[in-house]
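Peer 1: Need coordinates for the following:
(2 chains)
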2 protein chains.
Amino acid sequence: MLVQKYKEMLSEKSVIRQLSEFAGARGREIGYENVFDFSLGNPSVPVPREFTEEMIHMLVSEEPAFLHGYSPSLGITQVREAVAASLERRFGIPYRTEHIFMASGAAGALAHAFRLVAEPGDEIVAFAPFFPEYRPYVDLMGARLKVVPADTESFQINFEALEELLSPRVTAVLINTPNNPSGIAYSTATLKKLAELLRDKSEEYHHEIYLISDEPYREIVFEGVDAPCVSWFYDNTIMCYSFSKSLSLPGERIGYVAVNPGCREAETMVNMCGQISRGIGHNCPPSIIQLAVAKVLDKTADLKVYETNMKLLYNALGALGFSCVKPDGTFYIFPKALEEDAKLFCQKALKYDLILVPGDTFGVPGYFRMAYCMDTEKIKRSLPALCRFVQEEYGHAR
Amino acid sequence: MLVQKYKEMLSEKSVIRQLSEFAGARGREIGYENVFDFSLGNPSVPVPREFTEEMIHMLVSEEPAFLHGYSPSLGITQVREAVAASLERRFGIPYRTEHIFMASGAAGALAHAFRLVAEPGDEIVAFAPFFPEYRPYVDLMGARLKVVPADTESFQINFEALEELLSPRVTAVLINTPNNPSGIAYSTATLKKLAELLRDKSEEYHHEIYLISDEPYREIVFEGVDAPCVSWFYDNTIMCYSFSKSLSLPGERIGYVAVNPGCREAETMVNMCGQISRGIGHNCPPSIIQLAVAKVLDKTADLKVYETNMKLLYNALGALGFSCVKPDGTFYIFPKALEEDAKLFCQKALKYDLILVPGDTFGVPGYFRMAYCMDTEKIKRSLPALCRFVQEEYGHAR
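Peer 2: So this is what the prediction gives:
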């Protein structure tokens, strides 16, 4: 009498996991340095030195019972206060302590955001390409994920398709900018238009449509890019943030929900997060990590390698004849495959020890994702393999 | 259109929180050292020195990308392996890596255990007195919590009442030994009888009834007490463990689910935990804490103060005329109040700066809980206040 829905999920094969297992096995065979594993979005640059120093300082000097003690259910008060102050400084929005809920990474933050505004049967609209975990996140809480097809010209929003999907059953729209996997950030024009549409539809349906903004890549934006703060445009925005990528500590499970102060009942929503936690076994991010992160809120890991890598890959892909929208940020690029079936394309790439992820995984067949969070030296070494792959399999490299 | 069920929970007043707020306010008034706050189960002894040393050692010497990197969804493999080996060493049960799922404290572990074996509409049976969070944990996932009334003579199991509650709808029985709030551990005789009954009923109903064993107090057992390992008696046992109390790090959110190797499909159950996580935004305990805890699995904080405190309180309460079952472990004691209405009793105690929690909170009206995780010196200073309280309010102290 084990619960069938979870048992059945075990037989679904995760493409990314299979690829990563292949990469591991191949690495043991020919040396990891010779496998060009573009499958995993694991930060490659170290956490800022100040974080490590702060951790050591606290371990040496703080009272252990304080340092490792229970966090209040909404997060440690001075940490929430520091997050609010940092957001206000950065974005000019009057966030206060009562607008912040500390969460175990973006997964924890999203789990709370969804449950704040959607009940079983409600619909949440997302946009292809999208992070594949959105589907189980939403399915398993009983709500329904509706997906707007990609605008593959720009990876901004296909507004016509969005309007068709909006209905009174939609309680939230979920965006991720800069985006995994496209690397594209929504522009000011896109966000303005989205906000207008959601305001109109909220009025038409006589209920709020909340904008859930999943922002783990917020700090990884390349030079000269227009990547504005989502919460500037729409009051009913629930920001879900994770420090995983900006501080390079994905394993430490730390992030937050920031409810826009312009949201009606913003403070109630944060308090509701504390109740939602009780139902899902969430119990605040680790105390010591909360305290350490609060000391480095305005710092990031040294992220410039990602832009260097992006340029190398973007230029090489272009030279090899790939069609590709230039990323605005993140450490992903999402080119069009050289044949219709991207799964087949990625399968063939394995022969060249290139691990690429088919776009089907992200709701956009025919494309593929490369995660370039690795040493630039390795990116450079991968280019000849990429070139050989294209020449030998598709015979039309320039 | 905020989700009503969570919004409505905000108006329920948590008794423990109110008491703790009172204690805080009173502390600011007369000094915290003069408030005898028996309301909170927050460990008072420091984490073992070895844990802190291990944390510092890793921060100084490990590659940050490894140290803070993503944990696999079931937990870091060598940590699971170490937990399994430690359990086998301790209890002689052949646990292996594949039987262990690392979870964010007991709350995270229980959230997974419940979802493994209960669907909305199924029933989970617990025993009064019980940790009050069991109710929202179970309610919010849609299952139903049925409570067996307390056997207040011994705080072992009232088997007659249990048999009445068992039915084909029951998929799990939830126990907590040593128990919060009674401090009582289930004896070998109790666990044997429980296992027999569950085996009989499983056969009768043609489906397993799982035993979910919530064991955060497993390591806090007093001298000479019979507090056997629950998993010895019943194959279909899902052990939910937390290091919060044994290592004094409740804020770091670290524990595990250990599925009894004797359980049919034990390995599948652990793999299912990884799927359950996706639905509830759980994403493994923090990597650095997993790694550090793995190095001190067979250590505990210096727990002996709890037994010292228990003896002082147990003797004092007895001398003052309280009826009380002597605790076997934990840092709680659960005496009978001196009047029928324990809420009124605890209200009156506040005048003497004694913060006690009414047993109603734990499903046993007429009793009250004292958490004695504090310095022995403070316990000693509390005794005159306790004596004055009893004399002045009830006039029958010896």
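
Peer 1: for chain B, what are the nearby residues on the stretch 101-250 of chain A?
Peer 2: The stretch 101-250 of chain A comes close to chain B at residues A:103-105, A:107-112, A:115-119, A:133, A:136-137, A:139-141, A:171, A:207-208, A:248-250, as judged by Cβ under 8 Å from any Cβ of the partner chain. All C-beta atoms are positioned from the backbone trio N, CA, C, and that covers glycine.

Peer 1: Filter those residues down to the ones in strands?
Peer 2: The strands, defined by DSSP state E, take in A:103, A:171 from those.

Peer 1: As a check, name the ranges of all helices in the stretch 1-150 of chain A.
Peer 2: Secondary structure of the stretch 1-150 of chain A by DSSP state H, counting those that start in this stretch: the helices cover A:4-9, A:15-30, A:49-61, A:64-67, A:77-91, A:105-117, A:134-139.

Peer 1: how about those in CSV, adding mean neighbour count, mean pLDDT and distance to B:Ala82?
Peer 2: What follows is these, written out as CSV (neighbours: other Cβ atoms under 10 Å in any protein chain shown; pLDDT from 0 to 100; distance: least, Cβ to Cβ, whole Å):
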stretch, mean neighbour count, mean pLDDT, distance to B:Ala82
helix A:4-9, 16, 92, 26
helix A:15-30, 14, 88, 21
helix A:49-61, 16, 97, 21
helix A:64-67, 18, 91, 22
helix A:77-91, 18, 98, 31
helix A:105-117, 28, 96, 24
helix A:134-139, 19, 95, 29
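
Peer 1: Can I get the ones you listed in CSV including distance to B:Lys348?
Peer 2: Formatted as CSV, the entries for the helices of the stretch 1-150 of chain A read as follows, by distance: least, Cβ to Cβ, whole Å:
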stretch, distance to B:Lys348
helix A:4-9, 49
helix A:15-30, 60
helix A:49-61, 41
helix A:64-67, 30
helix A:77-91, 31
helix A:105-117, 39
helix A:134-139, 49
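
Peer 1: which one of the ones you listed lies closest to A:Arg218?
Peer 2: Taking Cβ to Cβ, helix A:77-91 is the member of the helices of the stretch 1-150 of chain A nearest to A:Arg218, at 9.5 Å.

Peer 1: Show me what the closest one is packed against.
Peer 2: Applying 3 or more Cβ pairs under 8 Å, 6 or more residues apart in numbering or on different chains; DSSP states H and E, one finds that helix A:77-91 contacts strand A:100-103, strand A:255-259, helix A:287-294.

Peer 1: Please report how far A:Ala150 lies from A:Pro181.
Peer 2: Here the criterion is Cβ to Cβ, to the nearest Å. By it, A:Ala150 lies 10 Å from A:Pro181.

Peer 1: And those two? Which one has more around it.
Peer 2: In this comparison of A:Ala150 against A:Pro181, neighbours counted by other Cβ atoms under 10 Å in any protein chain shown, the higher total goes to A:Pro181 at 29 against 25.

Peer 1: quick one on the thing from earlier: is it possible to export the helices and strands packed on helix A:77-91 to CSV including mean neighbour count and mean pLDDT?
Peer 2: Putting those into CSV (neighbours: other Cβ atoms under 10 Å in any protein chain shown; pLDDT from 0 to 100) gives the following:
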stretch, mean neighbour count, mean pLDDT
strand A:100-103, 29, 98
strand A:255-259, 28, 98
helix A:287-294, 24, 97
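
Peer 1: Can I get these in CSV including distance to A:Gly31?
Peer 2: Supplementary listing: these in CSV, determined by distance: least, Cβ to Cβ, whole Å:
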stretch, distance to A:Gly31
strand A:100-103, 39
strand A:255-259, 35
helix A:287-294, 34
